[in-house]
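Asker: I would like to see how this sequence folds:
(one chain, ligands or ions: 1)
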Amino acid sequence: MSTLTKPFITDTFLLKNKFAEELYFNFAEKQPIIDYHNHLPPKEIAENRQFENITQVWIGGDHYKWRAMRTMGVNEKFITGDASDKEKFAAWAKTVPNTLRNPLFHWTHLELARYFDVYDLLNEKNADAVYENVSAQLQTPEKSVHGLLKMRNVETVCTTEDPIDTLEYHQTIKQNNIGITVSTAFRPDKTILIDNEDYNAYIDKLGESAGIEINSYKDVQDALLRRIEYFHANGCRLCDHGLNNISFETFTDSEINAIFETKRKGETLTPHQIEQFKTAILLFLGETYHSFGWVQQYHLGALRNNNARMLKVLGPDTGWDSIGDFSQAANLSRFLNTLDSKDKLTKTIIYNLNPADNEIMATMIGNFNDGSVKGKVQFGSGWWFLDQKDGMEKQMNALSNMGLISTFVGMLTDSRSFLSFPRHEYFRRVLCNLLGNEIESGELPEDMDLVGKVVADICYFNAKEYFNF
Ligand SMILES: O=C(O)[C@@H](O)[C@H](O)[C@H](O)C(=O)CO
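Answerer: Have a look, this model is predicted:
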C-alpha cells in the first residue's frame, strides 16, 4: 500500500501560496461546472448507467491512457483487446508510475481521490485492491452516471453529435428531468470533408435523416438546414468542428454545384476543387449558425490517423493522432472576415492544437470582437495535447497578454469519460496559482475581490452568460 508520508493529492494541490489558496477556495472551488464541449455518450446518461467496474468507466474509450500504455509496451490485448477488465486495469496501474510529469499522473490521482476517496499512488502492487474497492463503489446508486455527475457539481454537459443523430437520448434525458442540463453540439464535419472516401455514402445518410434525396449541393444545404432546425428544436445552441485548418478559396455557385455533382458521380476532385467546396459549405454553415444564434466552435490543427495500420484495426479517435503544422492565420482571418462583412458572424470559439499558434489565436479574436457582445470571439482553453498545466498556462498567458482573460469562458473536458470532471478542478487550481503567484510577486494587486471576480467569471459566470443552454 501507500509508502507516502503525506497524500499526493492535498487540499493545496498545485496552489503554491496563500493568495492562490484564497482565490481557489473562495472564488473557484464551489462554482458549478458548465462542460460546454465533450464526447460523452448520451445513451449512458439517459440510461443512468451503473458501471460494472472501474475499467469500463475509466479506461474504456480513453485514448490518452491507451497511448501511455502502448508507450510502456503493453500489448493491445490489454488496452482495447479481449483481455478481462481486471487485466486491463492491472496493465493501466502498472503504467501509472511511469506517467510522471504527464497530466495522466495528476488526473489519475485526482480522480481516484475525488470520486472514490482513494489517496494512494496507483501502481502494480495495489492494483487489485484499488480495482475491487473502486468497482464496488461503482455499484452504488450514488455512483451511477447521474451520481458521478452530481458528485462534481456538474450543471451542464454538452455532448457532440453528428447531424444524422436522432437525439433520442437527449429527448429521454429532458423528459426524465435529471437535474442536469444535457445539450448537444452539431458536428457536421463529415458533410464538409468531401475528400473522404465514404463521403457519398454519408451524404445518402444525411439525406435520409432530413427526408431529402440529395442530388445537388442545394439539396445538401436544405438537408443541413433541416437538421439544424431539428437540433435547435431539441435544445442545441452550439456546433463544433475538428478540422486541419479553415479552408478558404474563392468560388462561384456554379463551380460548387459542378464540384458536388462530380463527387456524386464518384469522379475525382482536384485539391483546389476540394478547398473551394469546403470553403462554400463552411461559409453556408457559419451564416446558418448566426441565423440560429448558435455558438460556433472550431478545433484546428490535429494531424489525424497517422498510423494507417491501426486505423484499419481500431478506427478513428483511438490514440493515433498528433499535432499538425497547418497554416492557420490567413484562411481563418478570411473566413471570419467574410462572415463579419455580411454581419453573419456569430459567437465563435477558436482552438488550436499546435501551441505555436497560441498567439495567432489570441490576436485573431481581437480582429472580430466588435463590441456587440462581451467576449464574442473566444480563444478556447488548452485542447487535447495542450489540456495540461503547461498548455493551460501558455494559453492563458497568451490570452492575457494579447486579449482579455477576464472574458474567457474557461475550461471544458472534451472527454469521453464520466470521471473526467476533476479536470475542471485541475484547471481552476492552475488558474488560481497563476494569478496568486502574480499577486505575491506584485504583478497583480493584492485585491482579492478584484482578482477573485475574474477567477469566478472564468470558472463559471462567463460561460453561463455566453452560452444559451
Ligand atoms: O474534437 C475532436 O476532434 C478531438 O477532441 C477528439 O475528439 C479527440 O479524440 C479528443 O477527445 C481530445 O480530447
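Asker: Neighbours of the residue of the chain found nearest the ligand, how many?
Answerer: Sorted by distance to the ligand under CB to the nearest ligand atom, the residues of the chain start with residue 242, at 3.2 Å. Yep, even glycine has a C-beta here, placed from its N, CA and C like the rest. Counted with other CB atoms under 10 Å, the neighbours of residue 242 add up to 20.
Asker: same check, this time on residue 446
Answerer: Counted with other CB under 10 Å, the neighbours of residue 446 add up to 10.
Asker: pretty sure it is in a strand, no?
Answerer: No - per DSSP: H, G, I helix; E, B strand; the rest coil, residue 446 lies outside any strand segment and is coil.
Asker: circling back: which SS class is the nearest residue to the residue of the chain closest to the ligand once chain neighbours are set aside?
Answerer: Counting by CB to CB, 6 or more residues apart in numbering, residue 242 lies nearest to residue 299, which is 4.4 Å off, once chain neighbours are set aside. Secondary structure assignment for residue 299 (three-state DSSP): strand.
Asker: Same question for residue 13.
Answerer: Residue 13 carries the three-state label coil when classified by three-state DSSP.
Asker: what's the answer for residue 150, then?
Answerer: Recorded secondary structure, residue 150: helix (three-state DSSP).
Asker: Does it touch residue 143 like I think?
Answerer: No - the pair residue 150 / residue 143 is not scored as a contact, 10.1 Å apart, by CB atoms under 8 Å.
Asker: Neighbour count: these two, which is higher?
Answerer: Set side by side, residue 150 and residue 143 show more neighbours around residue 143, with 21 against 15, by other CB under 10 Å.
Asker: in the one helix or strand residue 450 maps to, what counts as buried?
Answerer: In this structure, residue 450 sits in helix 448-456 according to DSSP states H and E. By neighbour count on 16 or more other CB atoms under 10 Å, the buried set for helix 448-456 is 448, 451, 452, 454, 455, 456.
Asker: If we check the ligand, which of those residues are in contact?
Answerer: Among the buried residues of helix 448-456, not one lies near the ligand by CB under 6 Å from any ligand atom.
Asker: residues in the stretch 351-469 of the chain within reach of the ligand, list them.
Answerer: Counting by CB under 6 Å from any ligand atom, the stretch 351-469 of the chain comes close to the ligand at 384, 414.
Asker: Do you have the strands of the stretch 351-469 of the chain handy? List them.
Answerer: 377-379 (DSSP state E, counting those that start in this stretch).
Asker: hmm, back to that, packing partners for the helix holding residue 450?
Answerer: Using 3 or more CB pairs under 8 Å, 6 or more residues apart in numbering; DSSP states H and E as the contact test, the elements touching helix 448-456 are helix 18-23, helix 422-440.
Asker: gap between the longest one and the chain center?
Answerer: Put plainly, it is helix 422-440. On the basis of CA atoms, centre = their mean, to the nearest Å, helix 422-440 sits 20 Å off its chain's mean C-alpha point.
Asker: pLDDT of it, averaged?
Answerer: Across helix 422-440, pLDDT averages out at 98.
Asker: That helix: which residues count as buried?
Answerer: For helix 422-440, a neighbour-count test (16+ other CB under 10 Å) marks 422-439 as buried.
Asker: State whether residue 205 and residue 165 are indeed in contact, as I suppose.
Answerer: No - the pair residue 205 and residue 165 does not pass the contact test of CB under 8 Å, sitting 10.7 Å apart.
Asker: The two: which is more packed in?
Answerer: Comparing residue 205 with residue 165 by neighbour count (other CB under 10 Å), the higher total belongs to residue 165, at 20 against 15.
Asker: near the ligand, which residues of this structure show up?
Answerer: 39, 242, 299, 317, 384, 414.
Asker: And for the longest strand seen in the chain, what's in contact with it?
Answerer: In the chain, assigned by DSSP state E, the strand with the most residues is strand 154-161. Strand 154-161 is contacted by residues 32-42, 45, 149, 167, 170, 180-187, 231, 238, 240, 421, 467, 469 when judged by CB atoms under 8 Å, 6 or more residues apart in numbering.
Asker: mind checking pLDDT for residue 61?
Answerer: 89.
Asker: Tell me which residues touch the nearest residue to it once chain neighbours are set aside, please.
Answerer: Sequence neighbours aside, residue 416 is the residue nearest to residue 61 in space, at 4.2 Å (criterion: CB to CB, 6+ apart). By CB under 8 Å, 6+ apart, the contact list for residue 416 reads 38, 39, 40, 41, 61, 62.
Asker: now residue 56
Answerer: When contacts are counted by CB under 8 Å, 6+ apart, residue 56 touches residue 85.
Asker: For residue 134, see how far away it is.
Answerer: Residue 56 sits 11 Å away from residue 134, going by CB to CB, to the nearest Å.
Asker: So for stretch 358-370, mean pLDDT?
Answerer: On average, stretch 358-370 scores 98.
Asker: Can you get me the start-to-end distance on it?
Answerer: Using CA to CA, to the nearest Å, the end-to-end distance of stretch 358-370 comes to 21 Å.
Asker: Need the residues that contact it.
Answerer: Residues contacting stretch 358-370 (CB under 8 Å, 6+ apart): 328-329, 332-333, 336-337, 340, 345, 348, 350-352, 375-380, 394-395, 398-399, 401-403.
Asker: Tally up the residues packed near the closest residue in space to residue 105 that isn't next to it in sequence, please.
Answerer: Leaving aside its sequence neighbours, residue 105 sits nearest to residue 99 (CB to CB, 6+ apart; 4.4 Å). Neighbour count for residue 99, taken as other CB under 10 Å: 21.
Asker: Could you tell me what pLDDT the model assigned to residue 99?
Answerer: The score at residue 99 is 98. That number is its pLDDT.
Asker: residues touching it, list them.
Answerer: By CB under 8 Å, 6+ apart, the contact list for residue 99 reads 68, 105, 108.
Asker: Please, a ChimeraX command that selects the buried ones among the contacts of stretch 358-370?
Answerer: Selection of buried members from the contacts of stretch 358-370 for ChimeraX, criterion 16+ other CB under 10 Å:
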select :328,332,333,336,340,345,348,350,351,352,375,376,377,378,379,380,395,398,399,402,403
